[in-house]
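Trainee: got a sequence here, can you model it:
(chains A and B)
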Amino acid sequence: MALLKDSDRAALRETFTEMTARVRLIFFTQALGCETCEIVGQILDEVTPLGEKIELVKYNNAIDRDQVAHYGIARIPAIAVVRLEATAPDDGALAVTEHDYGIRFYGVPSGYEFMSLIGAILDVSSGDSQLSAPSRTLLAQVTEPTHLQVFTTPT
Amino acid sequence: MAIENPNVRADMIEVSEYPELAQRYRVYGVPLTVVNQTVRFEGGAPEPYFIPALLEQLGLKRPAPEPAE
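Mentor: Next up is the predicted model:
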């Protein structure tokens, strides 16, 4: 059974037309010992086709340990939201590189968190934080690695 | 904030799925933001309050306010 209503699908499809750069959703899952992995997979399978510029990659947390380490995945289910940027190396062949802003979602993105995920996809695509000018000036002073963990519960 | 500054990374965590995290960070109410595993911000503060408060907690001085016109 579909998780998203038809009306939600239509609204998201419309929203995603605003996307400029492509966004890759990198999903870390596991068949055993992960109660909520399946539902997260289903959510992503439903969201991805609504955006022409969204793509989904799945890794197995138990097997793809290099990818787990590369993206710094701490637990599952996890979603990394990265921007895809085209670069043109000297040999003329077009290459795509990932711009990883360090944005991760752990657990089921439902309710308010679902909207956070959609917002993250849009912001990562634009590469624009949407913060105010004073906030940007302040944040520019952060020169050390800073890790924000935002805890939420289903709403 | 993670988009704005490459030094910042951000995890959004559905904490009811990770009881060990709820315990470790003593999550009694949400939203709760934990910075660098230690500094805590409870509740959802709007951006004009949150970012200055965060910088203060990180030990970064705020710039002088813009002079009034």
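Trainee: check which helices and strands the host helix or strand of residue A:56 sits against.
Mentor: Using DSSP states H and E, residue A:56 falls within strand A:54-60. Judged by 3 or more Cβ pairs under 8 Å, 6 or more residues apart in numbering or on different chains; DSSP states H and E, strand A:54-60 is in contact with strand A:22-29, helix A:37-47. (Glycine included, C-beta is placed from N, CA and C.)
Trainee: neighbouring contacts of that strand?
Mentor: Residues outside strand A:54-60 that contact it (Cβ atoms under 8 Å, 6 or more residues apart in numbering or on different chains): A:16, A:19, A:22-31, A:41, A:44-45, A:47-48, A:67-68, A:84, A:121.
Trainee: then stretch A:132-143?
Mentor: By Cβ under 8 Å, 6+ apart, the list of residues contacting stretch A:132-143 reads A:129, A:131, B:1, B:4-5, B:7-8, B:47-48, B:51-52, B:55, B:58, B:60, B:62-63.
Trainee: same question for stretch B:37-45.
Mentor: A:147, A:149, B:25, B:29, B:31-35, B:50, B:53-54, B:57-58.
Trainee: so residue A:130 makes contact with residue A:120?
Mentor: No - contact criterion Cβ atoms under 8 Å: residue A:130 and residue A:120 do not qualify, at 11.3 Å.
Trainee: which of the helices and strands packed on strand A:54-60 is buried the deepest?
Mentor: Each of the helices and strands packed on strand A:54-60 was given a mean neighbour count from mean count of other Cβ atoms under 10 Å in any protein chain shown, and the largest, a mean of 22, is that of strand A:22-29.
Trainee: next, the angle strand A:54-60 makes with it.
Mentor: Here strand A:22-29 runs at an angle of 20 degrees relative to strand A:54-60 (axes from the mean of the first three to the mean of the last three Cα atoms, to 10 degrees).
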